[in-house]
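> what shape does this take:
(2 chains)
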Amino acid sequence: MSGSGTAVGQAYLYGLMPAEAKVPSGLTGVSGAAVEAVPLGSLQLVVSTVEPERFGVAKDLVAHSTVLDRLIEADDVIPMAVGTFIPMPPDGVAVERLSSAYERVRPTVAGAVQYALTVRYVEDVALGELVREDREIARLRDLTSRNDGLRAEKMRLGERVVAGLERKADADAGRVMAAFPPVRDVRRRKREQPETVLEVMALVDRDAAQSFERGVEDLAAQHAARMRFRLLGPQAPYDFVSGG
Amino acid sequence: MTMVQSGSGYLDRPKSSSLADVVAMILDKGLVIDIYIRVSLVGIELITIDARIVIASVDTYLRFAEATNRLDLSQVDGKPLPEYLGDFANKGAKGKTSGALEGVKDAFRGHHDDDDDDSREAQPQRSRRSNSS
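Reported below is the predicted structural model:
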């Protein structure tokens, strides 16, 4: 499919890169299509020639993120929202919209990469703490382990445990953030699972990336008895390009 | 998916995002140019619902009640809780799973088994659910 990028139609757009960036060659993108760079003034579009109708399966989501991982490895990239299709070749409206969005967002993320950190409790440890610290949890636990049924009591136990985990997570997340390595910017995500302590996206200068990783490793080691740290990245700055 | 263990060995460093990661962290992010989002993500909304089971739900409460019941405090730190020593003679809750819990488990299985092989370590509660059936 390479070389067909000039056919009139639609193209899947992964992201915007500076004109001088070297786009890695030989990448495979959504629907198994080749990934191509299309110059556009001071930027280049990174696209695949794909029919919109063929896009939208789970594999395409992973392909979107895999391509952007490779791009950010090579140079700065402003990642587009999943499912963005533009006219190809770009018409006047597309040139105008894409160029102005690029100029607006570029200063925020130039020279930076994103990391996504998830911190979770070692579940048995956190639950053990709650059983020790909260007599009502200990009582309900004892009652419901000795007797079958007791759905209402089980619900009360679960509700109290979940509330206890949230309280703990607030305190522990505060502790982790207080010792967080220096970054350009952070975004905290709302917790979606009770055992999650913290989900945070960090925008990190490229030349500070190594020391950031070491800082997170130190935090993970320090809290290893109670929490598990999982770090994704460097990835494209997904969380720092919105508002456009 | 290959895992890269960091120097200290305490930090999980997946080499790339799994489908679950993309759904949870990337799906609603990135630069939006409204006129060019033309695609409805068929089939993906379902996955999203699976991955984002809300905290305050009956299923969640029952799951954590079960997990707390199953807890072996002597395994956690070697110190049994004196006033509840009776617990250790009675682990009846193990292996019993409510019907409601089964539904949640199946929802997760749908996309976890094939794309997220290493999730067992990162998310112990999920693998435990699989063990209980």
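> just give me the neighbour total for the residue in chain A positioned nearest to chain B.
Nearest to chain B, among the residues of chain A, is residue A:158, at 3.0 Å (Cβ to the nearest Cβ). In short, each C-beta sits where N, CA and C put it, glycine included. Using other Cβ atoms under 10 Å in any protein chain shown, residue A:158 is surrounded by 26 other residues.
> list the contacts for it?
Contact analysis of residue A:158 by Cβ atoms under 8 Å, 6 or more residues apart in numbering or on different chains lists B:60, B:61, B:62, B:63, B:64, B:65, B:68.
> figure out the helix or strand that the second one lives in.
Assignment of secondary structure by DSSP states H and E places residue B:61 within helix B:58-70.
> low pLDDT regions in chain A?
Scanning chain A for pLDDT under 70 picks out A:1-8, A:243-244.
> how about the helices in it?
In chain A, the helices defined using DSSP state H lie at A:58-74, A:92-109, A:123-133, A:135-146, A:151-178, A:209-222.
> list the buried ones in the shortest one?
By neighbour count on 16 or more other Cβ atoms under 10 Å in any protein chain shown, the buried set for helix A:123-133 is A:123, A:124, A:126, A:127, A:128, A:129, A:130, A:131.
> if the spatially most central residue of chain A is in a bridge, with which residues?
Among the residues of chain A, the one closest to the centroid is residue A:116, at 5.2 Å (Cα atoms, centre = their mean). Beta-bridge pairing of residue A:116 under DSSP bridges involves residue A:201, residue A:232.
> residue A:204 reaches residue A:117, doesn't it?
No. Residue A:204 lies out of contact with residue A:117 (Cβ atoms under 8 Å); the separation is 10.9 Å.
> who has more neighbours, the two?
residue A:204 (26 against 22).
> which ones are touching that one?
Contacts for residue A:204 (Cβ under 8 Å, 6+ apart) come out as A:112, A:113, A:114, A:115, A:183, A:184, A:212, A:234.
> repeat that for residue B:36.
A:13, A:84, A:85, A:86, A:94, A:97.
> burial of the first one, as a residue count?
The one in question is residue A:13. 25.
> return the nearest residue of chain B with respect to chain A.
For chain B, Cβ to the nearest Cβ, closest residue to chain A: residue B:61, 3.0 Å.
> okay, now that residue: neighbour count?
23.
> centre of the chain to stretch A:183-190, how far?
The chain centre lies 11 Å from the centre of stretch A:183-190; the measure is Cα atoms, centre = their mean, to the nearest Å.
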